[in-house]
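>>> Pasting the sequence and the predicted coordinates here, then a few questions.
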Amino acid sequence: MEIKVEPLTTSHPQLIKVTLKNDYLTASFYNYGARMHQIFAPDKEGLLENILLSYDREEDLLADKSYFGATVGPVAGRIKQADWNGYPLEKNCGTHHIHGGSNGWAYQFWSVETIKEQETIGVRFHLTDEVSGYPGPIKASVTYQLNKNSLIMTSDWHSEQTTIVNPTSHSYFNLSGNGTRDITSHELCVKARNLVVLDQEKIPTGQLLSMENLPVDFSTNQSMETILATYPEGLDDCFVLDKSQPMALFLHEPTTGRTMTVATTNQSVVLFSTTGFEADFMINGQPMHSNYGLAIEPQQIPDLIHQPTWGSIEIEPLERKQQQTIYTFSCQ
């Protein structure tokens, strides 16, 4: 097992890259946004390839506005009218607030601590957030650990003032390896009870759809080609998970045999298929383009502060909360 901490560069003196390697996985992370950068997992022939959408250049990573691999917070998703009980938040999405604002966790440099135990290696990023505009300061940490064929992500936080926190990991996955094929080659299964109904501005309406009433049966393996034919504008939706199931999500790429399962303590997962996402920056050696990756964002339901019957993301002073997501890789 190996841990490598890249030396600081003169061009980006605050930027730190940490790479973890065990017998099955190699993963790299940046302290800018406490983000996942690359995960190298074997295919059925044992070939290690990157299964994340990753910026080719550090300059593009530092200019990122699409949250590639970033820890999004303090609150992921949209907050209607940028208002929490009369407390104003930044309006950075029309009249709404999104993803913690322009000074959110994805745009801050976190401090770095490495971890080496008997069976696991990891990196822990620490942040004292005093600039996002949320009551605080909020003290957060994000820990990534490799244990055999799993990547374990644990987020925890507390605040000196009553505030709201609902972070997520905004990583884009493509199991074909190094972005060889688009996600239309993949198969997806989601163990959910409901789909959150959104309005035209992607704000939850307060209604839930039963999964049985959807035109696609997400409870069984479905090809992404079929899903995107049914949803031609793509997925950008919140699935309320069936917490009686140990696994939240299953993603498979038949050509390589790579399979990823996701288990999470979170209430829901937002899936974004990157449909219509065209850009001129380079990702895995190609210009970013439609249906190139699937963003998998475990979190509590977005805009939960305006839907109190679904739960709460408020924390009281010095109350500690934690969420964990486990990504497990195998071949079939």
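Done, it's in. Numbering: from 1, shown residues only.
>>> Phi first, then psi, for Phe173.
Phi and psi for Phe173, reported as degrees, to the nearest 10, are phi -110, psi 140.
>>> whoops, I mixed them up, Cys238
Torsion angles, degrees, to the nearest 10, at Cys238: phi -110, psi 120.
>>> what about stretch 157-175, distance to the chain center?
With C-alpha atoms, centre = their mean, to the nearest Å as the basis, stretch 157-175 stands 9 Å off its chain's centre.
>>> What of stretch 69-84?
On C-alpha atoms, centre = their mean, the centre of stretch 69-84 falls 13 Å from the chain's centre.
>>> burial count for Cys189?
18 (other C-beta atoms under 10 Å). Glycine gets a C-beta too; all of them are placed from N, C-alpha and C.
>>> doesn't Asp242 make contact with it?
No: contact criterion C-beta atoms under 8 Å: Cys189 and Asp242 do not qualify, at 11.7 Å.
>>> any weak-confidence spans in this structure?
8, 10 (pLDDT under 70).
>>> if you set the cut-off to 80 instead, what comes out?
Counting by pLDDT under 80, the chain contains low-confidence ranges at 7-11.
>>> and the gap between Gln300 and Val240?
Separation of Gln300 from Val240 (C-beta to C-beta, to the nearest Å): 10 Å.
>>> Find residues that contact each of these two.
Residues within reach of Gln300 and of Val240 at once, by C-beta atoms under 8 Å, 6 or more residues apart in numbering, are 267-268.
>>> Quick check: buried residues in stretch 114-134?
120-125, 127, 129, 132-134 (16 or more other C-beta atoms under 10 Å).
>>> any chance of the residues you listed in TSV, plus distance to Leu151 and secondary structure?
Below are the buried residues of stretch 114-134 laid out as TSV (distance: C-beta to C-beta, whole Å; DSSP: H, G, I helix; E, B strand; the rest coil):
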residue	distance to Leu151	secondary structure
Thr120	10	coil
Ile121	11	strand
Gly122	9	strand
Val123	11	strand
Arg124	14	strand
Phe125	14	strand
Leu127	20	strand
Asp129	24	strand
Ser132	26	coil
Gly133	31	coil
Tyr134	28	coil
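>>> chain center to the helix or strand where Thr259 lies, what's the gap?
Taking DSSP states H and E as the criterion, Thr259 maps to strand 258-264. The chain centroid and the centroid of strand 258-264 are separated by 13 Å under C-alpha atoms, centre = their mean.
>>> what's the helix or strand following it packed up against?
Counting by DSSP H and E, the element after strand 258-264 in chain order, helix or strand, is strand 268-272. The contact analysis (3 or more C-beta pairs under 8 Å, 6 or more residues apart in numbering; DSSP states H and E) places strand 268-272 against strand 192-198, strand 236-241, strand 294-299.
>>> And the contacts of the strand holding Thr259?
Taking C-beta under 8 Å, 6+ apart as the rule, strand 258-264 contacts 41-44, 51, 173, 175-177, 241, 246-253, 269, 296, 298, 323-332.
>>> now the residues you listed: which count as buried?
So, by 16+ other C-beta under 10 Å, the buried ones in the contacts of strand 258-264 are 41-43, 51, 173, 175-177, 241, 247-253, 269, 296, 298, 323, 325-331.
>>> Show only the entries of these found in strands.
41-42, 173, 241, 249-253, 269, 296, 298, 323, 325-331 (DSSP state E).
>>> what are the ranges of the helices in the stretch 51-200 of the chain?
For the stretch 51-200 of the chain, helices defined by DSSP state H, counting those that start in this stretch occupy the ranges 58-62.
>>> Which one of the buried residues of stretch 114-134 is nearest to Tyr32?
Distance ranking of those against Tyr32, using C-beta to C-beta, places Phe125 first at 9.8 Å.
>>> So the closest one is in contact with Thr114, correct?
No: counting by C-beta under 8 Å, Phe125 sits too far from Thr114 to count as a contact (10.6 Å).
>>> thinking again about what came up before, tell me which of the helices and strands packed on strand 268-272 is the most buried.
Burial of the helices and strands packed on strand 268-272 is given as mean neighbour count (mean count of other C-beta atoms under 10 Å); strand 294-299 ranks first at a mean of 24.
>>> what are the pairing partners of the helix or strand that it is followed by, and which direction each?
Per DSSP H and E, the first helix or strand lying C-terminal to strand 294-299 is strand 314-315. Applying DSSP bridges, strand 314-315 is found paired with strand 163-164 (antiparallel).
>>> Give me the residues contacting the partner strand.
For strand 163-164, contacts defined as C-beta under 8 Å, 6+ apart pick out 74-75, 84, 134-136, 138, 305, 313-315.
>>> ranking those residues by neighbours, who comes first?
Val75 (31 neighbours).
>>> Tell me how far the nearest residue to it once chain neighbours are set aside lies from Gln299.
If the residues on either side of it in the chain are set aside, Val75 comes closest to Asn166, at 4.6 Å by C-beta to C-beta, 6 or more residues apart in numbering. Asn166 sits 6 Å away from Gln299, going by C-beta to C-beta.
>>> measure Thr274 to Tyr292 for me?
Taken as C-beta to C-beta, the span from Thr274 to Tyr292 is 5 Å.
>>> Equivalent analysis for Ile164, please.
For Ile164, the distance to Tyr292 (C-beta to C-beta) stands at 32 Å.
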